[in-house]
Each structure stands twice: as C-alpha cells, then as structure tokens.
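# 3D, please:
(2 chains)
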2 protein chains.
Amino acid sequence: MQSSAPSGADPLPSWTAGPAKQRIVDFVQAVTKDGGKDYVAPADRIATFDNDGTLWLEYPIYTQVRFVFDRIKALAPQHPAWKDKEPFKSAIAGDIKGVMASGEKGIVEMLLAAQGGTTGDFAIVVNDWLVKAQDPRFKRTFDQLTYQPMQEVLRYLRRNGFRTYISSGGSVEFMRPFTERVYGIPPEQVVGTRQKLLYEVKDNRGVLVMQPQIEHVNDGAGKPVGIEVLVGRRPIAAFGNSDGDLAMLQYATTGPGMRLGMIVHHDDAVREYAYDRTSPVGKLDKGLDQYKAAGWTLISMKNDWKKIFAFE
Amino acid sequence: MQSSAPSGADPLPSWTAGPAKQRIVDFVQAVTKDGGKDYVAPADRIATFDNDGTLWLEYPIYTQVRFVFDRIKALAPQHPAWKDKEPFKSAIAGDIKGVMASGEKGIVEMLLAAQGGTTGDFAIVVNDWLVKAQDPRFKRTFDQLTYQPMQEVLRYLRRNGFRTYISSGGSVEFMRPFTERVYGIPPEQVVGTRQKLLYEVKDNRGVLVMQPQIEHVNDGAGKPVGIEVLVGRRPIAAFGNSDGDLAMLQYATTGPGMRLGMIVHHDDAVREYAYDRTSPVGKLDKGLDQYKAAGWTLISMKNDWKKIFAFE
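Predicted coordinates:
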C-alpha cells in the first residue's frame, strides 16, 4: 500500500496550497524530526479517522444504510411478515422516506435484521454487495467514492511511521471486509459500532455469530472508548467531519505534545454536497462553533481539494 | 525486543529436545516457507497467548488478585465501612481464605472497588505495585516470574513475522501497563476482561474513566470474542494452560491450513507447582481429556523445560 513517490515529491498532490495542507505537513515534519522538541516515537504515531463523510461519501444516505436496504430486499422472501411491517415494508419498496419515518429505532431494528450469521459469511455478503452496488448520482461503486485527498493523507502518514486507524459509527463487521483493499487499513485497525458476538461450533469449526443486539455504539463519546478498547493508546491526530467526531478530536488533541485535529467541511455542492448545521446526515453544528477555540483546522472541500474523487 | 541471535542458533534454548519443541519449530518453518503448501502471509501470522499460568505464575493466587488485595488495603482508610464488610474485611486482614469464602461474586466486587479512576492514573498504580510487590515463595517481583521458555517462543514467533497477542482473563487495564516491557507485547495486542469505560473531560483533558461494571469477561467462549473485537482475524496459533483457554485453542486450530495449539501443563511441583484437574486456579480437566483428539500438544513443564524462570 506504500507509495513509491520520490521523497522530494509533493505528498499531498490533490491538496491546494493553503493552511489546511500546511497544517498537516508541518505536523508530520514536527513529530517525525529526530531529536526535535515535538518528536513522537513511531509506536505512538496513531492517527484515527472517521469513515462516513471523512474518508468516503455519506450523503444523502450512509453507504451502510444502502447496504442494509439491499440486504433487507434480498432477505425478504424468507421473512413474509416484513411486507406488512415498517420499516421493512418501506425498505422493500425502496421508499427511503418511509424508512426514515421509523426513526433511529426502526433503522437499528432493520440493521440488526440485515446483519447476522457468522462474521466470515457476513464478510462475503458485504464484499459481494460492494462490487455491484452503485451510488445513484455518481454511478460508481462505493469503493470508488473515497476522497482522493484523504487517501493521500493516509498514505503520507503511513510513510512517516504512523498507524492509521478508522473509528467510525459504522459497523465494524461491515467495514473490516474492505478497509484493507480500499484504504490500506487492516482489520485490526478498524474501530466501529459492534453487535454482540457469540462463539459457537458449526461443522466442527469455531465461528463467531453476530447477534441482533448492539453492544457498543461508536459515535460521540463512544469513539474514544472504542479506540481505547482496540488501541490502548491516545491518538496524536484525528480527522472527522461531524459533531459525532468531536469527542474523538478532543481526546486526540488534549494529550501532551503536538497534536492534530481536522474537520472535513462539506461545502462543495458542485463536485459533492454542501451540508452542515441542519443536515440529518453528518450534522456539523457544534463543531463549527468550537473548532477554532479547540485549535482544530477546517478543511474546505471546495477550496482545499483540487479533486474529490480519484476518477475525476 | 528482537533477539540478535545468529540465525543458526537454537531459537528455543530453554526447551529440551522433544515433541513439544519440535512441534513449535516445525510449525514456524512450515508457515514461513515461501512457496510452501502451508505458507501463511505475515499479516495472518497471529498467535494468541493466555497470560496467567501460560506466560507467568498464577498459583496459588492469580497475580492480579494479589494486586487487588494490596489495593484494597491501600484504599481502606478512605472506606471505613470496609472494615466490617466481607470480603473487604478479610482482604484488609490478609486472610485469603476469608476472601475466597465470598466466592467469585465477592472477588469481582472487590476487583471493581480496587480498579477505577482514569486509565492513565490506573496504569501508574499498576506499575508502582509491580516494581515492589513480591511473590512470597520465590521472593521476586512478578515481572520476574514469567516463564523463560515461553518468552523464547514469543521472540521466536516475532522474529518469524508473527504478531503475538495476549488473550487473558485478567483485566486489560491491569496488563497493558507492563506487557510491552515484560513480554514485548504492545498495548494494542492485549485482549482481556474489560470494565466499562466512560469518556469524560477533566482539567480540560479528555480521559477514560474505569467504571465499576464488567463489560466483557475474557474467559472460555469470551476469548475468541475478545480476539475478534481487537484483531478481526482468526489466530493460527494459540497457547493456554487451563480449561478457560479451550475455546481459544479450538477457534485458532479449526481454521483452514496448518494450525498450532499448545497447552502448558503444570506438572513440576519442585521448580514451580503441580496442579490440573481439581485446582481452583488454572483448572485443567476437560483439556486433558480433549487435547489429543483436538490435535493439540501438551507441554510438560517438568520434562520440556530446562528452566522455568530466567533467574534460575
């Protein structure tokens, strides 16, 4: 996954020259400078990234919710009762607004109905879906709808001895099957919302079976907790895009020494989307009020990024 | 943490020549042989180790229970009610049998009273204790009571591209402060029993505060679950010593390809201890019945190990 770019080359070619790009480069140079006052040993170079809206598209519907819709449709023949029961009825009809009317409770119920079986079997379902499902606006599979400038940040950090982690509100068992291929982030570096798992023996093989129960919600104050469970170290850098990421940003940036906190601001209605304070998805409200005082840097997709997607 | 031993040297000098040693060496050579039929890519070379009784002393009392006793004594002045309440009263008096009479429920209550505060502050408490507390029989601090032959296995595996994980019934926040120094295993590779954590802001710094509630018991069928939460991959090798490790051994050894499962048998009453089927600590009963059919190898401490501890 490592770039073979010569060391003199621009590590962030999709970023326009400006304070956001400069902040990243300055930080990396400072913490990797041997003998410098801000030097951080490689073992502690931990950077955490939100996924939805930070590394890939989340608007107008989280990609995992699209997956859940398709999965419910695929499973519907085995569940005849669903055709008269919300939110399943709306999901099968492709009626997003109808599903949304069930609120978070309805969406979680649907997610738990859609995500089960052994972790191994579920990984196959996810990867099968990911190679065929397309975003309706961009007409691309979702693994192509990652933000090229952020891919460059991931690679730049790794080339400088960082370990890059995802800490997302998405389900860990949904993300792990593709994060290595799509982002170069291996499964052991993916933190997410967790369903309860049970260990069972099937066909003489020990397996882990996903239960219809949420055990950890990796959002808001749950993000630092999820990071501690997996990593046991405080990150020194964090990237997010919504109010759900602020606790993670605060956790990463209130440790001793130099720290980096950055927020991707969706302000590009032409090339992607523009949404923040009032959006039902990826709401960024408190973050816009707080980022300056907290010392975090806002990334303008419109101004700081030369391109959004690799295929542009 | 890497050894600088020349490649021709015996990687396991504290092991006597025999089937246990041979099994480990054959396995490592097979899975690392480029182009061989049993080759495993480095990313999937995951080995998991129980801690108590597998990597260090657990008898006649788990080391963490000794820590909890001492911590209760240290905290007692702030909790006057404890002097009349079991199991605290017995713990303060150093009466181990009195504590044991409270059963598992009493011990967990005591553990939760002893282990709290921020993860950072708790790590300091653990390390302060570890440099001074001594085992009464061996008159050594507990970080010296690790099994030298197992330390050699850890290093041998890591030199061959493995990542070594601990998956222990002990508390993760108790182990992480010392596993890197004592075993060369960093905090992100330690799976254990978890207390609930809450994210809070104290003195303008984001911290994680240990709550008096067990969230995950990393024993028995909980071990594969704990491994999945941290690693997201099935180990290819596992080492344990008690029935609480059998699910982990089964999980590791029932995947495809060559696998290694080994059980440390405490059969050396002279140099350490001899206990198995009827022991209240480190009980190994079902494991003795099952290991042959499962294809696991028993390690005799008495016969397979030239020395138990480095200081011998």
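
# could you pull out the helices for the stretch 1-150 of chain A?
For the stretch 1-150 of chain A, the helices defined by DSSP state H, counting those that start in this stretch occupy A:19-32, A:63-75, A:88-92, A:96-100, A:103-114, A:119-130, A:148-159.

# now the weakest link among those, please, by mean pLDDT.
Across the helices of the stretch 1-150 of chain A, helix A:96-100 has the smallest mean pLDDT, namely a mean of 85.

# ok, A:R205 - contacts?
For A:R205, the contacting residues are B:254-255, by CB atoms under 8 Å, 6 or more residues apart in numbering or on different chains. (Each C-beta comes from the backbone N, C-alpha and C, glycine too.)

# list the buried ones in the worst-scoring helix or strand of chain A on mean pLDDT?
Sorting the helices and strands of chain A by mean pLDDT, DSSP states H and E puts helix A:96-100 at the bottom, at a mean of 85. Using 16 or more other CB atoms under 10 Å in any protein chain shown as the test for burial, helix A:96-100 gives A:96, A:98-100.

# of the helices of the stretch 1-150 of chain A, which is nearest chain B?
Nearest of those to chain B, taken as CB to the nearest CB: helix A:119-130 at 6.5 Å.

# hang on, the earlier thing: give the other helices and strands that the least confident helix or strand of chain A contacts.
Secondary-structure packing of helix A:96-100 (3 or more CB pairs under 8 Å, 6 or more residues apart in numbering or on different chains; DSSP states H and E): helix A:88-92, helix A:103-114.

# what residues does chain A put near chain B?
When proximity is defined as CB under 8 Å from any CB of the partner chain, chain A approaches chain B at A:43, A:119, A:172, A:176, A:186-188, A:190, A:194, A:197-199, A:201, A:204-206, A:208, A:221-222, A:224-225, A:228-233, A:247, A:250-251, A:254-255.

# and with 7 Å instead?
Applying CB under 7 Å from any CB of the partner chain, we find that chain A lies next to chain B at A:43, A:119, A:176, A:186-188, A:190, A:194, A:197, A:199, A:204-206, A:208, A:221, A:224-225, A:228-233, A:247, A:250-251, A:254.

# buried deepest among the helices and strands packed on helix A:96-100, which one?
Most buried of the helices and strands packed on helix A:96-100, by mean neighbour count (mean count of other CB atoms under 10 Å in any protein chain shown): helix A:88-92, with a mean of 22.

# send the alpha carbons of that helix over as PDB?
C-alpha atoms of helix A:88-92 as PDB (Å, rounded to 0.1, in the frame of the first residue of the first chain):
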ATOM      1  CA  PHE A  88     -39.300  -3.300   6.400                       C
ATOM      2  CA  LYS A  89     -42.300  -2.700   4.100                       C
ATOM      3  CA  SER A  90     -40.800   0.700   3.000                       C
ATOM      4  CA  ALA A  91     -37.300  -0.700   2.600                       C
ATOM      5  CA  ILE A  92     -38.600  -3.400   0.300                       C
END
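
# would you list the strands that the helix or strand hosting A:T193 pairs with, along with their directions?
Per DSSP states H and E, A:T193 falls inside strand A:190-202. Strand A:190-202 pairs in its sheet with strand A:163-171 (parallel), strand A:205-216 (antiparallel), by DSSP bridges.

# quick one, the longest one and helix A:103-114 angle?
Just to be clear, that refers to strand A:205-216. 180 degrees (axes from the mean of the first three to the mean of the last three CA atoms, to 10 degrees).

# so for strand A:205-216, mean pLDDT?
In this model, strand A:205-216 has a mean pLDDT of 98.

# buried ones in stretch A:127-143?
Buried, per 16+ other CB under 10 Å, within stretch A:127-143: A:129-130, A:135, A:142-143.
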